[in-house]
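A.B. asks: Got a predicted structure here, sequence first:
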Amino acid sequence: MSESQMTRRERILAAIEHRPVDKVPIGFDIFEPVREGVLRYFGADCLENLYEKSGVEGFSVWDWPSAQPRYIGPKREGVDAYDRSMAYGCWGKVGERIYPLRGKKLDEYRWPTADDFDFSHLKEELSEIRSRDMTTASGHAGCGWLHHVQMRSYDEIFYDVLDNAFMEEYMARNRAFYLDYFTRLFEAADGLIDIIRADEDLGGQQNMLLSPELWRKWYKPLWKEVFAIAKQHGAKIWLHSCGYCYPLVRDFIEIGVDILNPLPPYVRDSDPAAMKAEFGSMLCFDGGVDQMNVLVQGTPEQVRQEVKLRMEQLAPGSGYIVGPSQVIEKDIPLENAIAFFKACLEYGQR
């Protein structure tokens, strides 16, 4: 099929694989009230319908293109039904608000098992997503530093990573769950998962929160094993790491990451042009449009020029999904969100 006849799913996969595309795919997650305003502007009633109305793909690994096993294990204290998921609820953690292992010994915690999940519906749901011409996502691979923070809190994790005995046991328990879970996930999905989502927020604006050496020692081995299972089944790896993570980008590539999100240009050593020059042949970038300084604080014309710049820097040679350098939240003016989408459509034609 020629570039000019690409379907949505083909376009996204081609971009990830650095193959020619007819236009640059658009990826984002968006929340109310901006979501409602954007949909209304383009005459759409949902994110899926947005593509039909405007041509905006709405690539995401979190929203409707995602299908997840159902958690059927015991309810965790303080976690409501919405959060009873692989990402948070099965662990009893909620973002950086509930830390289920804080102040506890490892034996005092009820560790999840793959038996806590119902995988029986997964193939049907993934097939249905593909039938709507979209890449399928599943997961959630959160087995590293960020997961550890959300289990134990920042107060304790900086002591943990210096305690060899604790870390060996802690990571062994995580390994026992994650390898079994992902093996069963891919068996149930029967080849229908395009992308596995993973997140690992490692830094602030200028520095990493832990040393690269400690990340490599404790977290990299399990990430590598989890990603190897995904790769065996033909899935791409989407990794989100906001904040400074430049020292580990080659490690990400080594363990199998295909897509790096969100490429914030205001973070040290994350200049999009420099990142493209150094890593663009090995990674697809998802994001790059300055959220903090332009989408939130700029004018619609500045948004338009920002999108144009990132397209010029990141789109050549494919390997780019244009998007904001974070999620579209209520702090982004509606007119700027609309300007973003219109500019993506205007400057994304190849």
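C.D. replies: Right, received. Where do you want to start? Residues are numbered from 1 along each chain as shown.

A.B. asks: what's the longest helix in this protein?
C.D. replies: For the chain, the helix that runs over the most residues, judged by DSSP state H, is helix 164-189.

A.B. asks: can you count the residues close to the nearest residue to F186 once chain neighbours are set aside?
C.D. replies: For F186, ignoring the flanking residues on the chain, the nearest one in space by CB to CB, 6 or more residues apart in numbering is H233 at 4.3 Å. All C-beta spots, glycine's among them, are computed from the backbone N, C-alpha and C. Applying other CB atoms under 10 Å, we find 17 other residues in the vicinity of H233.

A.B. asks: Could you check how far H233 is from K123?
C.D. replies: For H233, the distance to K123 (CB to CB, to the nearest Å) stands at 13 Å.

A.B. asks: any common contacting residues for the two?
C.D. replies: When contacts are counted by CB atoms under 8 Å, 6 or more residues apart in numbering, H233 and K123 are jointly contacted by A189.

A.B. asks: Tell me the predicted confidence for the residue nearest the centre of the chain.
C.D. replies: When CA atoms, centre = their mean is applied to the chain, the residue found nearest the centroid is H240 (4.4 Å). According to the model's per-residue confidence, H240 sits at a pLDDT of 96.

A.B. asks: which residues in the stretch 1-150 of the chain form strands?
C.D. replies: Taking DSSP state E, counting those that start in this stretch, the strands of the stretch 1-150 of the chain run over residues 70-71, 117-118, 137-141.

A.B. asks: Which helix or strand contains G287?
C.D. replies: Element membership for G287, per DSSP states H and E: strand 284-289.

A.B. asks: ok, now how distant is the closest residue to G78 other than its chain neighbours from M6?
C.D. replies: Across the structure, with CB to CB, 6+ apart as the measure, the residue nearest G78 apart from its sequence neighbours is I98 (5.2 Å). Separation of I98 from M6 (CB to CB): 43 Å.

A.B. asks: try G323
C.D. replies: 19 Å.

A.B. asks: rewinding a little: quick one: contacts for the residue nearest to F186?
C.D. replies: Residues 186, 189, 191, 193 are the ones in contact with H233 under the rule CB under 8 Å, 6+ apart.

A.B. asks: Name the SS class of the third one, please.
C.D. replies: What that stands for is G191. Three states are possible here, and by DSSP: H, G, I helix; E, B strand; the rest coil the one that applies to G191 is coil.

A.B. asks: and D107, how many neighbours?
C.D. replies: Using other CB under 10 Å, D107 has 8 other residues around it.

A.B. asks: Just the pLDDT at it, thanks.
C.D. replies: The pLDDT attached to D107 in the predicted structure is 96.

A.B. asks: Tell me who's in contact with V56.
C.D. replies: With contact taken as CB under 8 Å, 6+ apart, V56 is in contact with 26, 42, 50, 341, 344-345.

A.B. asks: Please convert those to JSON lines, extending it with distance to R216 and neighbour count.
C.D. replies: Formatted as JSON lines, the contacts of V56 follow (distance: CB to CB, whole Å; neighbours: other CB atoms under 10 Å):
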{"residue": "I26", "distance to R216": "34", "neighbour count": "24"}
{"residue": "F42", "distance to R216": "45", "neighbour count": "18"}
{"residue": "L50", "distance to R216": "41", "neighbour count": "22"}
{"residue": "F341", "distance to R216": "39", "neighbour count": "24"}
{"residue": "C344", "distance to R216": "36", "neighbour count": "27"}
{"residue": "L345", "distance to R216": "41", "neighbour count": "17"}
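
A.B. asks: With respect to pLDDT, which of those residues ranks lowest?
C.D. replies: Confidence by pLDDT is poorest for L50 among these, given 94.

A.B. asks: quick one: contacts for it?
C.D. replies: The neighbours of L50, taking CB under 8 Å, 6+ apart as the test, are 38-39, 42, 44, 56, 58.

A.B. asks: What ranges in the stretch 51-200 of the chain fall below the confidence cut-off?
C.D. replies: Along the stretch 51-200 of the chain, segments meeting pLDDT under 70 span 80-87.

A.B. asks: can you give me the helices for it?
C.D. replies: With DSSP state H, counting those that start in this stretch as the definition, the stretch 51-200 of the chain shows helices at residue ranges 122-131, 145-152, 154-160, 164-189.

A.B. asks: Let me know which of those is the nearest to W215.
C.D. replies: Set against W215 and scored by CB to CB, these come closest in helix 145-152, at 6.3 Å.

A.B. asks: and for the closest one, what are the contacting residues?
C.D. replies: Taking CB under 8 Å, 6+ apart as the criterion, the residues outside helix 145-152 that touch it are 88, 91, 93, 95-96, 99-102, 142, 157, 160, 170, 174, 199-202, 209-210, 215, 219.

A.B. asks: Give me the buried subset of these.
C.D. replies: 88, 91, 93, 99-101, 142, 157, 160, 170, 174, 199-202, 209-210, 215, 219 (16 or more other CB atoms under 10 Å).

A.B. asks: count of neighbours near K231?
C.D. replies: By the other CB under 10 Å criterion, the neighbourhood of K231 contains 15 residues.

A.B. asks: rewinding a little: which among the contacts of H233 gets closest to I253?
C.D. replies: Proximity of the contacts of H233 to I253 (CB to CB) peaks at I193, which lies at 20.8 Å.

A.B. asks: tell me the contacts of the closest one?
C.D. replies: Taking CB under 8 Å, 6+ apart as the criterion, I193 is in contact with 126, 136-138, 185-186, 230, 233, 235.

A.B. asks: In JSON lines, list these along with distance to P69.
C.D. replies: Putting these into JSON lines (distance: CB to CB, whole Å) gives the following:
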{"residue": "L126", "distance to P69": "11"}
{"residue": "T136", "distance to P69": "14"}
{"residue": "A137", "distance to P69": "13"}
{"residue": "S138", "distance to P69": "8"}
{"residue": "L185", "distance to P69": "6"}
{"residue": "F186", "distance to P69": "11"}
{"residue": "A230", "distance to P69": "15"}
{"residue": "H233", "distance to P69": "15"}
{"residue": "A235", "distance to P69": "15"}
